[in-house]
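Novice: here's a sequence, model it:
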Amino acid sequence: MAIGLASLVARGRTRSSRWTLGLLAWVTVAAALWVPHPVESRAPAEPASSSLFQDAAYWHPQAAHQSLAFRGRPAASVDPRRETWLVVGGSVTYGAGVAPEETYTAVAERLLRASGRPVDLLNAGAEGWNLQAIDRWLQDMGDRLAPRGIVLVSILNNATLPIPGLRPAACDASLLAAFACNRWRSAFFLRWPKVLLPKFRNAERHEVLLRELLARETDLGREVILMDEPSEAQIHGGAFRWFGADGYRDATRRVAAEFDLVLHPVHDALAALPRGEAFLDGIHPTPAAHRVWGRRLFEIFVDRERRLAP
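Specialist: Numbers count the residues shown, from 1 in each chain. Modelled structure (predicted):
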């Protein structure tokens, strides 16, 4: 666009060429302002309608999730004779920076099968997701997959993303509107969260969403395991890079208690690793940390089995 505008006023341009370039510039601006924002999907059925601005993936619901193609394998490869669990979370659960087979979900599944427990753990993590994105996806999934339960990992590094209660229709009006709304959200809400977030009561909204999610999953007969997302600062001290982490953690514990659930920690197990070997960037675990986390999840399943035994 900048090059086109510069060429519009360049010396040597004829009047007709300037008119042509000017017309092209106006067409470009008009397209950005009025062309509807597309919602990408590879799902066989049309995806559920949703607000583009509220989409935590910024541009469209994760197409892989809509087609139930989880990281590492598609749902079609899951044996219905085995117990199936969904492990939902953000980029930490997805395994940003590590291979699919190195994620804690894959590690726990291998340990379960090696111990004679035929359980499928599907990695349903998605980069950039917060609790609202997970809640919406679980609703959209409906009965396309009938898991025994879900492992829900608190997404503290994404918790400060706005979770608005209203749908700003103007932000879905066009490509430019959606882009501007998302850029505004990123620049202001994440750069100065201490100033802006308390006003919008985001932690309270997080608590309400979690309560609704757990109530719905319980009504569907699914079990829920809650795990606390660790961080470098949580283990070794220092300022947590995302404001309000403790508030979200406390809210999660309150809601968990209402449903007789426990928020299982992971940071205590990761503390055994040498400093600098647990996280790639302070948030995303290394392969070594995923192995420790996977064993913790395996132990949770074993303990659950003991409690349910007659």
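Novice: tell me where the stretch 101-250 of the chain has helices.
Specialist: For the stretch 101-250 of the chain, the helices defined by DSSP state H, counting those that start in this stretch occupy 104-114, 131-141, 175-184, 193-200, 202-219, 232-236, 245-258.
Novice: make CSV from those and add mean pLDDT, distance to residue 276 and mean neighbour count to it.
Specialist: Using the backbone N, CA and C atoms, a C-beta is placed for each residue, glycine as well. Shown next, in CSV, are the helices of the stretch 101-250 of the chain (pLDDT from 0 to 100; distance: least, C-beta to C-beta, whole Å; neighbours: other C-beta atoms under 10 Å):
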stretch, mean pLDDT, distance to residue 276, mean neighbour count
helix 104-114, 96, 19, 21
helix 131-141, 81, 30, 21
helix 175-184, 64, 33, 16
helix 193-200, 40, 27, 14
helix 202-219, 86, 31, 17
helix 232-236, 79, 9, 19
helix 245-258, 86, 21, 17
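Novice: using TSV, please lay out those together with distance to residue 19.
Specialist: As requested, the helices of the stretch 101-250 of the chain are exported to TSV (distance: least, C-beta to C-beta, whole Å):
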stretch	distance to residue 19
helix 104-114	59
helix 131-141	46
helix 175-184	24
helix 193-200	45
helix 202-219	50
helix 232-236	58
helix 245-258	56
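Novice: residue 84: which of the ones you listed is closest?
Specialist: With distances scored as C-beta to C-beta, the stretch of the helices of the stretch 101-250 of the chain nearest to residue 84 is helix 104-114 (10.6 Å).
Novice: how close does residue 223 get to residue 149?
Specialist: According to C-beta to C-beta, to the nearest Å, residue 223 and residue 149 sit 3 Å apart.
Novice: sorry, back to before: relative to residue 124, which of the helices of the stretch 101-250 of the chain is closest?
Specialist: Comparison of the helices of the stretch 101-250 of the chain against residue 124 by C-beta to C-beta identifies helix 131-141 as nearest, at 7.9 Å.
Novice: how many residues are close by residue 125?
Specialist: 27 (other C-beta atoms under 10 Å).
Novice: do me a favour and average the pLDDT over stretch 272-290.
Specialist: Stretch 272-290 shows a mean pLDDT of 90.
Novice: wait, residue 151 sits on residue 229?
Specialist: No. The pair residue 151 and residue 229 does not pass the contact test of C-beta atoms under 8 Å, sitting 11.8 Å apart.
Novice: sticking with residue 307, tell me its helix or strand.
Specialist: helix 287-308 (DSSP states H and E).
Novice: which positions within that helix qualify as buried?
Specialist: Buried residues in helix 287-308, counted by 16 or more other C-beta atoms under 10 Å: 287, 289, 290, 291, 292, 293, 294, 296, 297, 298, 300, 301.
Novice: spatially nearest residue to the second one (excluding sequence neighbours)?
Specialist: To tie it back to what came earlier, the one meant is residue 289. residue 278 (4.5 Å; C-beta to C-beta, 6 or more residues apart in numbering).
Novice: in contact with the one you found: list those residues for me.
Specialist: 230, 232, 235, 270, 285, 286, 288, 289 (C-beta atoms under 8 Å, 6 or more residues apart in numbering).
Novice: now do the first one against residue 204, distance only.
Specialist: When you say that, I think you mean residue 230. Using C-beta to C-beta, residue 230 is found at 24 Å from residue 204.
Novice: now do the last one
Specialist: Taking C-beta to C-beta as the criterion, residue 289 is separated from residue 204 by 31 Å.
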